[in-house]
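Asker: Got a predicted structure here, sequence first:
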Amino acid sequence: MLGLGQLLSMPDNETEEEELYLNKIIEVTGKLDQIVKEMNDILTNELPDNLKD
């Protein structure tokens, strides 16, 4: 994701390339969000009741 952001900041990018990079960033952030949600679910379910909330 960081690499895609760096590519976007390059001055010689074409609009088509920028759109490709942005679409990839959206795809990757969606996957990352899902991973974080799954990790949160796992951790929440594994915590003892007295440590939840």
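Answerer: Right, received. Where do you want to start?

Asker: Give me the secondary structure label for residue 11.
Answerer: coil (DSSP: H, G, I helix; E, B strand; the rest coil).

Asker: Residue 43 too?
Answerer: Secondary structure for residue 43, judged by three-state DSSP, is helix.

Asker: mind checking the backbone torsions on residue 14?
Answerer: Torsion angles at residue 14 (phi, psi; degrees, to the nearest 10) stand at phi -90, psi 160.

Asker: Tell me how many other residues crowd it.
Answerer: Per other Cβ atoms under 10 Å, the neighbour tally for residue 14 reads 8. For glycine as for every other residue, the C-beta is placed from the backbone atoms N, C-alpha and C.

Asker: same question, the one 4 residues further on
Answerer: Applying other Cβ under 10 Å, we find 13 residues neighbouring residue 18.

Asker: and the closest residue to residue 5 other than its chain neighbours, how many residues sit next to it?
Answerer: Closest residue in space to residue 5, ignoring its immediate chain neighbours: residue 25 at 7.1 Å, by Cβ to Cβ, 6 or more residues apart in numbering. Residue 25 has 16 neighbouring residues, counting by other Cβ under 10 Å.

Asker: Is residue 25 within a helix or a strand, and which one?
Answerer: Secondary structure assigned from DSSP states H and E places residue 25 in helix 15-46.
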